[in-house]
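> Fold the following.
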Amino acid sequence: MKNLNYYMNLPYKLEIIPDIDEGGYTASFPELPGCITCSETWEGVLANAYDAKRVWLEAALEDDIEISEPIILTQVDIISKESCIN
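Numbers count the residues shown, from 1 in each chain. Take a look at the predicted model:
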């Protein structure tokens, strides 16, 4: 059975967006719906993001909610302009 440590070590995408109007940062893990946090500093938002991830995963495990694993891109397909025309 997959546990908290298993999920915490997966490479979920972390998005950090600066708040231009009010200052600070907002962080979220798009693959973990609703897992979002904020802080006034870069260091704070990183720490808060991983705390939010841990709490989100703990709650999902306790409530037996399905947890998606991150999408890992291993290959990028490039489509040429010519192949799109034909």
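
> Rounded mean pLDDT for the helix ranked longest in the chain, please.
Longest helix of the chain, by residue count under DSSP state H: helix 42-62. Helix 42-62 comes out with an average pLDDT of 97.

> change the start of the numbering to 725 and stick with it
Done: numbering now begins at 725, and the last item shifts to helix 766-786.

> What helices and strands are in contact with it?
helix 728-732, strand 739-742, strand 749-752, strand 760-763 (3 or more C-beta pairs under 8 Å, 6 or more residues apart in numbering; DSSP states H and E). (C-beta placed from N, C-alpha, C; glycine too.)

> Sketch out the low-pLDDT regions of the protein for me.
Scanning the chain for pLDDT under 70 picks out the ranges 797-810.

> show me what contacts the most centrally placed residue in it?
Nearest to the mean C-alpha position of the chain, by C-alpha atoms, centre = their mean, lies Phe753 at 2.2 Å. Contacts for Phe753 (C-beta atoms under 8 Å, 6 or more residues apart in numbering) come out as Tyr736, Lys737, Leu738, Glu739, Cys759, Ala773, Ala776, Lys777, Trp780.

> again with Glu782
Per C-beta under 8 Å, 6+ apart, neighbours of Glu782: Leu728.

> can you check Met732 too?
The contact partners of Met732, by C-beta under 8 Å, 6+ apart, come to Lys777, Arg778, Leu781.

> If any of those residues are buried, put those into a ChimeraX selection.
Buried members of the contacts of Met732, defined by 16 or more other C-beta atoms under 10 Å, are picked up in ChimeraX with:
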select :777,781
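
> can you list the contacts of Met732 in CSV and add distance to Asn729?
CSV is the format used below for the contacts of Met732 (distance: C-beta to C-beta, whole Å):
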residue, distance to Asn729
Lys777, 12
Arg778, 10
Leu781, 10
